[in-house]
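**Student:** Quick check, what structure comes out for this input:
(2 chains, ligands or ions: 2)
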Amino acid sequence: MKPGLIIRLVVLALLVAFIVTPESFAWVFQPLTKNGQPAIYVQNSLLNLTVSHLTIVAIATIASTLLAVGLAILVTRPFGAEFLPLSRSLANIGQTFPPVAVLALAVPVLGFGTAPTLVALFLYGLLPIFENALTGLTTLPPAVTEAARGVGMTDRQRLLGVELPLATPVILAGIRLSVVISVATATIGSTVAASTLGEVIIAGLLSNNLAFIAQGGLVVGVMAVLIYDALSALERALMARTGQRRQHA
Amino acid sequence: MIEIEALTKDYLELTVVDHVGLTVADGEIAVIVGTSGSGKTTLLRMINRLIEPTSGTVKIDGQDTRDVPAFELRRRIGYAIQGHGLFPHRTVGQNIATVPTLLGWDKGKIAARVDELLELFQLPAAEFRDRMPSELSGGQQQRVGVARALAAEPKLLLMDEPFGALDPIIRAKAQSDLLAIQKRFGTTIVLVTHDMEEAIHLGSRIAVMDKGKLLQYAPPDEIIARPATPFVAELIGTGERPFRLLSLGKVRDLVESGPAQGEPISADASLRDAYAECLWTGREMLPVVDADGASIGRIRRDDIAHKAERPQ
Ligand SMILES: Nc1ncnc2c1ncn2[C@@H]1O[C@H](COP(=O)(O)OP(=O)(O)O)[C@@H](O)[C@H]1O
Ligand SMILES: [Mg+2]
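**Tutor:** Ligands and ions are numbered 1, 2, ... in the order given. Predicted coordinates:
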C-alpha cells in the first residue's frame, strides 16, 4: 500500500470513530474549554447531524447534476446552439454570487428549515457542473466527433456512446467542486434551522465554546477533503480508462 | 459506381465547391488532389452527407444519396480520416466493431470479422484486440482506423488524407497495404491528398481541384502527359514529369530475354526505381527476377529512358 492511501484510511477511520463515539475524544477537546464548559456537543447526536448534512448535500448535488448536465446537453445540440453563449455567461455571472447570498435570498421565499438550504445548495451547485459539462461537451477531439458522425451513429448514439463518456471526467471535476462547496455551505444552513453540522459550530459560537467550534469545523473540513480526494481519484481512473490525458485541474 | 453532378457548396458568399462533376467506376481509386483550401475535404464529405450540398447530386449505384437517411448512408460507406479519430474510450476491437454493431450483426460474426481485419493489417488479434488506442503507435492507430472503415465490408471507402500524419517509411507501407486490400476486396475508393506523389502512386484516376473547381479528371499518365491547365502542370512539377511517368510503369512491362550483370531487380519494382539503380551502379542493364527470385530476363536503361519521354 502507498503511504498516501494509508494516511487517507487512517484519517477516515479517525473521522468515523469520532462521529460514532465523540465522547471518547473528549480529552482532545478539553483543553479548548474554559469554566467547566462541556468538551463535546451532546444536544444532538453527531452521527445524526453528519448523516443529515451529507444527505442534504447528496440530494442537492444529484439534482444539480441532472439539471446542469441536461442543460449542457441541450445547449450543445444544434437546435439549442442559440442559447449556448447566453447560458455560458449566465453560468459565469452566477458563480460570482456568494453561496450565503443565495441562502439569504431563498429564506424569504421558502421559510426556515431544510428547504432553503437544499435550494441554495442546488442552485449554487448547478454552476460548476454546468460550466464543466459545457467544457467537456464542446472540447471533444474534433477527429473523434467527426468519426462518430462518419461511421453513421445517430445523434443519440453519439451523445450516449461517445460524447458523454468522453466528457465524464470533466463533468466529474465540476461535481467535485460543487460537492465541496456544498459540504461547506450546508454548515451555514443551520442558521436557517436545517439539521446540519453547522449546528455544532453555531452552538459553540453562541456559548463561546471553542471546543464545539473546533469539532464541528474539523468534521466538515475533513469530510470535504476526503470527498474531494476520492472524487479526484475517480476522475484520474476514468481519464486513464478512456485513454485521455488530464485536461482540467 | 459514384456519379457526382454539378455538386456545389456555398458558405454565404463563398463558393467552396463549384459545380463539380465526376464519375468513379466500381473498383477504381479516385484521388482528389489540390492545394490546401481547394475544397477537397468539402467535396469528399458531401459524398456521405457529412456536409449537405447546396446544389447538385450524388448518386451511388444509381441511387440519389438524399433518398436514404444520412446515418444509414454513412453505415454503408467506409470513412477514414487523418488522425484516425479512434474512440479513445473503446478498445481496438470495439473500435473496429463499430459499424457492424450499429448494423446489428450477431456477436460471433462481429468477433470473427474483427479478428480477420486485425490479422489482415498485421496486428495479431490476441495481442491487439483488447488494447486501448492510446497504447498503439501512430502507424498502428492509422491501420485500426482503416480497419474500422472496412469492417462492414463497404463497397465504397472515403479517405481524407489518411496517411497525412505518418512518417515517410510507415506511409509507404500504409499505401502499399491499401493497394493490396483494395485489390483483394475490389473496394471503390475516393481518397483526398495534397501530395501529387501519393495521388500518382495510388490513383487509377486523379481529380485536380483548385479554388473549388475541378480542373482535370483523368488517369495519372494523362494528367502527367497532358495537364489541362498551367496550374495542373505546376502541381505535377515540370522537372518531375519524366520521373513521375516512370513511377507509373513496372519493370515487368519492359523486360526482355537475355543476360545481365550484377544485383537483380524485382519485376514488380517501378521503372523509376530501376532507372535509379542503373544510374547509381553505372549499369546499362539489370537482371530481372520474379517474386520467387527466379530469373526472367533483363531490362535496359535506354528502354527505360525512352519510357520517360512525353507520350504522344
Ligand atoms: N463551415 C465552413 N464555413 C465557411 N467556410 C468553410 C467551412 N468549411 C470550409 N470552409 C472553407 O472552404 C474552403 C475549402 O475547405 P476544405 O474543403 O476543407 O479544403 P481542403 O480540404 O482542400 O483543404 C476553405 O477555404 C475553407 O476555409
Ligand atoms: Mg482537407
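**Student:** any chance you could map the strands in chain A?
**Tutor:** Counting by DSSP state E, no segments of chain A form strands.
**Student:** what does the stretch 1-150 of chain B give?
**Tutor:** B:2-11, B:14-24, B:29-34, B:55-60, B:63-64, B:77-81 (DSSP state E, counting those that start in this stretch).
**Student:** what's in contact with the biggest helix by length in chain B?
**Tutor:** The helix of greatest length in chain B, counted in residues with DSSP state H as the criterion, is given as helix B:168-185. Under the criterion CB atoms under 8 Å, 6 or more residues apart in numbering or on different chains, residues B:27, B:29, B:120-121, B:138-139, B:142-143, B:146, B:150, B:153, B:162-163, B:166, B:187, B:189, B:198, B:201-202 lie in contact with helix B:168-185. No exception for glycine: its C-beta is placed from N, CA and C like everyone else's.
**Student:** So what does residue B:28 have for phi and psi?
**Tutor:** With angles defined as degrees, to the nearest 10, residue B:28 shows backbone torsions of phi -90, psi 160.
**Student:** My read is that it contacts residue B:207, right?
**Tutor:** No: with the criterion set as CB atoms under 8 Å, residue B:28 and residue B:207 do not qualify as a contacting pair; they are 11.3 Å apart.
**Student:** With neighbour numbers in mind, choose between these two.
**Tutor:** It is residue B:207, of residue B:28 and residue B:207, that has more neighbours when counted by other CB atoms under 10 Å in any protein chain shown, with 25 against 19.
**Student:** what pairs with that one across the strands?
**Tutor:** On the basis of DSSP bridges, residue B:207 is bridged to residue B:32, residue B:217.
**Student:** so it makes contact with residue B:217?
**Tutor:** Yes: applying CB under 8 Å as the test, residue B:207 and residue B:217 come out as touching, 4.6 Å apart.
**Student:** Need the contact partners of stretch A:89-101.
**Tutor:** A:120-121, A:123-124, A:126-128, A:130-131, A:134, A:181, A:184-185, A:188.
**Student:** can you list the residues that contact stretch A:30-45?
**Tutor:** So stretch A:30-45 is contacted by A:22-23, A:25-27, A:29, A:195, A:199-200, A:203-204, A:207, A:209-212, A:214-216 (CB under 8 Å, 6+ apart).
**Student:** hmm, 6 Å instead?
**Tutor:** In this structure, residues lying in contact with stretch A:30-45 by CB atoms under 6 Å, 6 or more residues apart in numbering or on different chains are A:22-23, A:26, A:29, A:200, A:203, A:209-212, A:214.
**Student:** and the end-to-end length of that stretch?
**Tutor:** End-to-end distance of stretch A:30-45 (CA to CA, to the nearest Å): 19 Å.
**Student:** Most neighbours of all the contacts of stretch A:30-45, which one?
**Tutor:** Neighbours were tallied for each of the contacts of stretch A:30-45 (criterion: other CB under 10 Å), and the maximum of 30 neighbours falls on residue A:200.
**Student:** is it true that residue B:74 touches residue B:49?
**Tutor:** No: Residue B:74 is beyond contact range of residue B:49, at 7.3 Å (criterion: CB atoms under 6 Å).
**Student:** what about these two, which has more around it?
**Tutor:** Each of residue B:74 and residue B:49 had its neighbours counted (other CB under 10 Å), and the higher figure belongs to residue B:74 (25 against 19).
**Student:** contacting residues around the more buried one?
**Tutor:** When the contact criterion is CB under 6 Å, 6+ apart, the partners of residue B:74 are A:152, B:48.
**Student:** make it 8 Å
**Tutor:** For residue B:74, the set of contacting residues under the criterion of CB under 8 Å, 6+ apart consists of A:149-152, B:48-50.
**Student:** Farthest pair within those?
**Tutor:** Greatest spatial distance in those: A:151 and B:49, 13.2 Å, computed using CB to CB.
**Student:** what's near enough to touch the nearest residue to residue B:71 once chain neighbours are set aside?
**Tutor:** Counting by CB to CB, 6 or more residues apart in numbering or on different chains, residue B:71 lies nearest to residue A:152, which is 4.6 Å off, once chain neighbours are set aside. Contacts here follow CB under 8 Å, 6+ apart; on that basis residue A:152 touches B:70-76, B:99, B:102.
**Student:** Please report the distance of residue A:152 from residue B:14.
**Tutor:** The span separating residue A:152 from residue B:14 equals 29 Å under the rule CB to CB, to the nearest Å.
**Student:** Could you pull up phi and psi at residue B:193?
**Tutor:** phi -150, psi 160.
**Student:** For it, give its distance to ligand 1.
**Tutor:** For residue B:193, the distance to ligand 1 under the criterion CB to the nearest ligand atom, to the nearest Å works out to 10 Å.
**Student:** count of neighbours near residue 66?
**Tutor:** If you meant another chain, say so; for now it's chain A. For residue A:66, the number of neighbouring residues by other CB under 10 Å comes to 11.
**Student:** was after chain B, sorry
**Tutor:** Per other CB under 10 Å, the neighbour tally for residue B:66 reads 14.
**Student:** per-residue confidence for the closest residue to residue A:118 other than its chain neighbours?
**Tutor:** Excluding its sequence neighbours, the residue lying closest to residue A:118 (CB to CB, 6+ apart) is residue A:60, at 5.4 Å. Note for residue A:60: predicted pLDDT of 95.
**Student:** Let me have the contacts of stretch A:89-101 in a markdown table, adding pLDDT as columns.
**Tutor:** Written out in a markdown table, the entries for the contacts of stretch A:89-101 read as follows (pLDDT from 0 to 100):
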| residue | pLDDT |
| --- | --- |
| A:120 | 88 |
| A:121 | 90 |
| A:123 | 86 |
| A:124 | 85 |
| A:126 | 88 |
| A:127 | 87 |
| A:128 | 91 |
| A:130 | 93 |
| A:131 | 91 |
| A:134 | 93 |
| A:181 | 90 |
| A:184 | 91 |
| A:185 | 89 |
| A:188 | 89 |
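**Student:** just those residues now: which is nearest ligand 1?
**Tutor:** Minimum distance to ligand 1 across these is 21.4 Å, recorded for residue A:134 (CB to the nearest ligand atom).
**Student:** Pull the number of nearby residues for the closest one.
**Tutor:** Burial of residue A:134, expressed as a neighbour count using other CB under 10 Å, amounts to 25.
**Student:** That one against residue A:76, yeah?
**Tutor:** Yes: between residue A:134 and residue A:76 a contact is recorded at 6.9 Å, counting by CB under 8 Å.
**Student:** Give the intersection of the neighbour lists for these two.
**Tutor:** Listed contacts common to residue A:134 and residue A:76 are residue A:84; contacts here mean CB under 8 Å, 6+ apart.
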